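**Student:** Pasting a predicted model and its sequence here:
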Number of protein chains: 4
Amino acid sequence: MAKTKEERRKEIIETAGKLFEEKGYEQTQVQDIVNEIGVAKGLFYYYFKSKDEVMEELADRYADAIIDAVNELIDKDISTFDKINRIFQIFIDSAEKKSGIFMGILNVKNGITHERIFFNVGEKMVPLVTELILSGNDNGECNCSDPKFITEFLVSGLFNIMNQISPDEKIDYLKEKLPTIKTMILKLYNFAEQKESK
Amino acid sequence: MAKTKEERRKEIIETAGKLFEEKGYEQTQVQDIVNEIGVAKGLFYYYFKSKDEVMEELADRYADAIIDAVNELIDKDISTFDKINRIFQIFIDSAEKKSGIFMGILNVKNGITHERIFFNVGEKMVPLVTELILSGNDNGECNCSDPKFITEFLVSGLFNIMNQISPDEKIDYLKEKLPTIKTMILKLYNFAEQKESK
Amino acid sequence: MAKTKEERRKEIIETAGKLFEEKGYEQTQVQDIVNEIGVAKGLFYYYFKSKDEVMEELADRYADAIIDAVNELIDKDISTFDKINRIFQIFIDSAEKKSGIFMGILNVKNGITHERIFFNVGEKMVPLVTELILSGNDNGECNCSDPKFITEFLVSGLFNIMNQISPDEKIDYLKEKLPTIKTMILKLYNFAEQKESK
Amino acid sequence: MAKTKEERRKEIIETAGKLFEEKGYEQTQVQDIVNEIGVAKGLFYYYFKSKDEVMEELADRYADAIIDAVNELIDKDISTFDKINRIFQIFIDSAEKKSGIFMGILNVKNGITHERIFFNVGEKMVPLVTELILSGNDNGECNCSDPKFITEFLVSGLFNIMNQISPDEKIDYLKEKLPTIKTMILKLYNFAEQKESK
DNA sequence: GATGAATGAGACTTCATTCAT
DNA sequence: CATGAATGAAGTCTCATTCAT
């Protein structure tokens, strides 16, 4: 047995994430997590100081994955409108990934997981998008008087939609809604009417 | 002392609501609630079967208060745009009331309370607004191809905004954002450009 | 309303007895008893010092009813065998009465009720029957070397049988078994082979 | 410390059994059990899901021990009368074992323990003995028209006797009564008059 | 790296009993 | 006689965390 340290850490985080989504944070016991993996409880505490620390890292990892992708995009030489669209696309795509998180059925009991992840993602994503819109305002691509508020709105709206549909329908549902979302972006940030480049 | 049954019920619900907001559902013990009121723990269970039942009733009461106000509005002889605006106004106003609920600082620990209330409110409010827009579509006041999705977006967006600011700033913040919200409504439901009647 | 003191006492005792049988002593709350009657909980404590006191009185009443009937019989001018038979007949008959007690389905949870009543009845009945057999030994009607042990055996055996069949079948079952019981009495106390006088 | 799982389980079951007998099931708290052993309360729930589960296992173990011994006996090549005698002997012997169960003073409060154990034992023992008598009827060793009823009678009678005497006197008392019990068996099942082989 | 028995504080809940009206 | 809101001690059960092996 004896996996490498990093493998085990990842295994624990991902298993925890899966269970938090399925049953909620409070309803998932450390025992459930180690049972799922097939190791002893003590091992959990060899890798993490507490159950809470796993949650924290979980939310961070998820947020970081999104932010990394967004950062990579931001310096590209494409229109602001395209950037914004792609950012939300990345956000949505993350729901398709096998990350374990985001894959849970809406469960009123797992509120804490959702809020925590949302908080982490939102906190990092909103400033990036806001900055982007502000520069778009400057060069005339768009005209939005309160980009921070609008962005918070869009992010939280999307997030909640994603948490209210079952994982099976999620991908198809979001694909179906994509044009509507693009129209919303167009209107709310006041982009000049335009065609999206591939 | 022996208050009437209805007074005590209300007192317990409101005290519970206040504490749930302040500390979160899981972190609020039944003992905290009865301490705050100054009665014995048994009394709590004389009125409610469980801690969960209080939460349920709390969420229902809050949702019902909003829905009642919305229903009253819906038959009035004013434009659809005005109705929609006022509905969101009611939604926002409810956050100002001293109801005890909704008054909490954003606390990542009280996710369950927020999700539960949001779920109850959203579930009832979205269909009402959707219906309104559909009839607005029919008589040419607006032109929205997916009113249900847009409404879910607006409701969840607003809800999250309200949960992310401290109660002290909340009222002023929302008042400040009101024009922006109205503009969003105007654009997202595609209302014909118009003046709102006072 | 306002029944007489004695009526209310009886009502409470009988209702309690019924519920103890149905659900067991520990599982029956004072609240259940007063709910069934339709009065307030305080009234229960106006008539009885405690829940235990009701149980005590219940067991006593039941035992006394049997003992009274047995005592009446004991001085009659009939054979000892007939007396013994009739005593067990009385014991069995009491199970048919609408007394509320003894009418419960076997419920592993109501052990306390059964044991308590059995204890009270047995304690009073065994010495009477034992005495009877001893005098029967003296005048040659029977010949039993350990009447106390045999009687305890018969009483506890009957009692358990009665607690193991459902109330609906009870009467018919016991009627069916009556000849077997008589044969047991005949053999165990070593009565001279004889015909029972009607 | 850290005993093996099976040792601890057994320790808990036996300690619980001892206390149930001494004070009754309802009157024995989980706290009492763990105090007696000198461990933390959580450990109890590490091994058992509930207090009730211990009781269930207790009754099962006791019943199984008897049934195992009886089964071993049943195929031996001895007379039916001897088998029946030895079965009741096993039943009685089990009361002498230091198993912890069955060793309690008669306590009207421990009715549930007694009823439960009796129920489990009786349920398994009665059919075995009944079958034995039926085959004894076939080969002419005995002649009993209702072996099931008689057996229920004997088992419940013995059981009650055992619960009504203090543990100190129990062994001597039962030894003293053994001839009487054998005579009862002889008569009730209508065995042909005979000598028991040693 | 890994185990899992053991801990123990503290949560929720129950209910017999009281007492002011 | 009757009410029923209020009490509070006591019980069962949970679970994150520790630590000796």
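**Tutor:** It's in.
**Student:** separation between the residue in chain A that chain C sits nearest to and chain D?
**Tutor:** Shortest chain A-to-chain C distance, computed as Cβ to the nearest Cβ: residue-wise this is residue A:27, at 29.6 Å. Using the backbone N, CA and C atoms, a C-beta is placed for each residue, glycine as well. Using Cβ to the nearest Cβ, to the nearest Å, one gets 17 Å for the distance from residue A:27 to chain D.
**Student:** okay, that residue: pLDDT?
**Tutor:** The score at residue A:27 is 82. That number is its pLDDT.
**Student:** near DNA strand F, which residues of chain A?
**Tutor:** By Cβ under 7 Å from any atom of the strand, the part of chain A that sits against DNA strand F consists of A:26-31, A:41-42, A:44-45, A:49-52.
**Student:** By neighbour count, which of the residues you listed wins?
**Tutor:** Neighbour counts for these, by other Cβ atoms under 10 Å in any protein chain shown, peak at residue A:28, which reaches 25 neighbours.
**Student:** Could you tell me which residues of chain A lie near DNA strand E?
**Tutor:** Residues of chain A lying close to DNA strand E (Cβ under 7 Å from any atom of the strand) are A:1-5, A:8, A:39-43, A:45-46.
**Student:** Could you dump these into JSON lines with secondary structure and pLDDT added?
**Tutor:** Formatted as JSON lines, the residues of chain A next to DNA strand E follow (DSSP: H, G, I helix; E, B strand; the rest coil; pLDDT from 0 to 100):
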{"residue": "A:1", "secondary structure": "coil", "pLDDT": "49"}
{"residue": "A:2", "secondary structure": "coil", "pLDDT": "61"}
{"residue": "A:3", "secondary structure": "coil", "pLDDT": "73"}
{"residue": "A:4", "secondary structure": "coil", "pLDDT": "81"}
{"residue": "A:5", "secondary structure": "helix", "pLDDT": "82"}
{"residue": "A:8", "secondary structure": "helix", "pLDDT": "91"}
{"residue": "A:39", "secondary structure": "coil", "pLDDT": "94"}
{"residue": "A:40", "secondary structure": "coil", "pLDDT": "93"}
{"residue": "A:41", "secondary structure": "helix", "pLDDT": "93"}
{"residue": "A:42", "secondary structure": "helix", "pLDDT": "93"}
{"residue": "A:43", "secondary structure": "helix", "pLDDT": "95"}
{"residue": "A:45", "secondary structure": "helix", "pLDDT": "94"}
{"residue": "A:46", "secondary structure": "helix", "pLDDT": "94"}
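**Student:** Any of those buried? List them.
**Tutor:** Buried subset of the residues of chain A next to DNA strand E (neighbour count, 16 or more other Cβ atoms under 10 Å in any protein chain shown): A:8, A:39.
**Student:** Looking at the residues of chain A next to DNA strand E, which is nearest chain D?
**Tutor:** Here the nearest of the residues of chain A next to DNA strand E to chain D, counting by Cβ to the nearest Cβ, is residue A:41; it sits at 11.3 Å.
**Student:** can you list the domains in chain A?
**Tutor:** With automatic domain parsing serving as the domain definition, the record reports that chain A contains domains spanning A:5-47, A:51-188.
**Student:** If I average pLDDT within each of those domains, which one is lowest?
**Tutor:** Ranked by mean pLDDT, the domains of chain A end with domain A:51-188 in last place, scoring a mean of 79.
**Student:** List the contacts of the residue in chain A that chain D sits nearest to.
**Tutor:** When distances are taken as Cβ to the nearest Cβ, chain A reaches nearest to chain D at residue A:31, 10.4 Å away. When contacts are counted by Cβ atoms under 8 Å, 6 or more residues apart in numbering or on different chains, residue A:31 is found next to residue A:41.
**Student:** show me where chain A has helices.
**Tutor:** Taking DSSP state H as the criterion, chain A carries its helices at A:5-23, A:30-37, A:41-47, A:51-74, A:80-93, A:111-138, A:147-164, A:167-188.
**Student:** Run the chain-centre distance for the longest one.
**Tutor:** Think helix A:111-138. Averaged C-alpha coordinates place helix A:111-138 at 10 Å from its chain's average position (Cα atoms, centre = their mean, to the nearest Å).
**Student:** helices and strands around it, which ones?
**Tutor:** On a contact count with 3 or more Cβ pairs under 8 Å, 6 or more residues apart in numbering or on different chains; DSSP states H and E, helix A:111-138 meets helix A:51-74, helix A:80-93, helix A:147-164, helix B:111-138.
**Student:** what about 10 Å?
**Tutor:** The helices and strands touching helix A:111-138, judged by 3 or more Cβ pairs under 10 Å, 6 or more residues apart in numbering or on different chains; DSSP states H and E, are helix A:5-23, helix A:51-74, helix A:80-93, helix A:147-164, helix B:111-138, helix B:147-164.
**Student:** Would you list the phi and psi of residue A:26?
**Tutor:** Here is the backbone geometry of residue A:26 (degrees, to the nearest 10): phi -60, psi -30.
**Student:** could you measure the residue nearest to it when sequence neighbours are not counted against residue D:87, distance?
**Tutor:** Computed as Cβ to Cβ, 6 or more residues apart in numbering or on different chains, the closest residue to residue A:26 that is not its neighbour in sequence is residue B:26, at 5.5 Å. Separation of residue B:26 from residue D:87 (Cβ to Cβ, to the nearest Å) stands at 57 Å.
**Student:** got it, and residue A:122?
**Tutor:** Taking Cβ to Cβ as the criterion, residue A:122 is separated from residue D:87 by 75 Å.
**Student:** Looking at those two, which is more packed in?
**Tutor:** Legend: neighbour count by other Cβ under 10 Å for residue A:122 and residue D:87, higher for residue D:87 (23 against 18).
**Student:** these two touch, right, the more buried one and residue D:125?
**Tutor:** Yes. The criterion here is Cβ atoms under 10 Å, and residue D:87 meets it with residue D:125 at 7.6 Å.
**Student:** which residues do those two both contact?
**Tutor:** D:66, D:70, D:151, D:154-155 (Cβ atoms under 10 Å, 6 or more residues apart in numbering or on different chains).
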